[in-house]
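[1] No letters, just coordinates:
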Ligand code: NI
């Protein structure tokens, strides 16, 4: 039986957002989302940690070539979201509040198109600040 190992790749992107619902009043948006509902947006330095669990290939010693994982994250996350306004520039969030939870789910969907999920167990952590972060999917 082949050994399984978890490999991790970290990436960062900077993006602006505003948390609000178009169908709510200003008052309700302010009471639920507070400063995150600032009309002129605000930014975060997001830190993404992608985790892949898979079998170590006996020939290469790799679970995955980390150069390949780096490229996938660059294409699917950094080029899509870095230096963007998530609400205005990214169609994913046109009708979806860009909370750290929703951003993590969107990133998972983009990454999973490029990885063989029969071969790898994919999960990720997304840090919005040093102290606030989410994990998806939940074990
Ligand atoms: Ni925010």
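    Great, that's in hand. Computed from a prediction, not measured in an experiment: that's the story for all the values here.
[2] mean confidence for the helix or strand that contains residue 8?
    Here residue 8, judged by DSSP states H and E, is contained in strand 4-17. Mean per-residue pLDDT for strand 4-17: 98.
[3] which secondary structure elements does it contact?
    Packed against strand 4-17, as judged by 3 or more C-beta pairs under 8 Å, 6 or more residues apart in numbering; DSSP states H and E, are the following elements: strand 42-55, helix 66-73, strand 84-85, helix 86-89. In this view, the C-beta of every residue, glycine as well, is placed from N, C-alpha and C.
[4] Relative to residue 134, which of the ones you listed is closest?
    Minimum separation from residue 134 across the helices and strands packed on strand 4-17 (C-beta to C-beta) falls at strand 42-55, 10.8 Å.
[5] Contacts for the strand holding residue 8, please.
    Here strand 4-17 makes contact (C-beta atoms under 8 Å, 6 or more residues apart in numbering) with 36, 41-56, 63-64, 66, 69-70, 73-74, 77-78, 81-87, 93, 98.
[6] so what strands line up beside it?
    Sheet pairing of strand 4-17 (DSSP bridges) gives strand 42-55 (antiparallel), strand 84-85 (parallel).
[7] Helix or strand next in line after it, which one?
    helix 26-33.
[8] Which positions in that next one come out as buried?
    Residues 29, 33 are the ones in helix 26-33 that count as buried (16 or more other C-beta atoms under 10 Å).
[9] how far out from the middle of the chain is that helix?
    25 Å (C-alpha atoms, centre = their mean, to the nearest Å).
[10] Pull the residues that contact the helix or strand of the chain with the lowest mean pLDDT.
    Ranked by mean pLDDT, DSSP states H and E, the helix or strand of the chain with the weakest confidence is helix 26-33, at a mean of 95. Around helix 26-33, the neighbours that count as contacts under C-beta under 8 Å, 6+ apart are 19-21, 24, 37.
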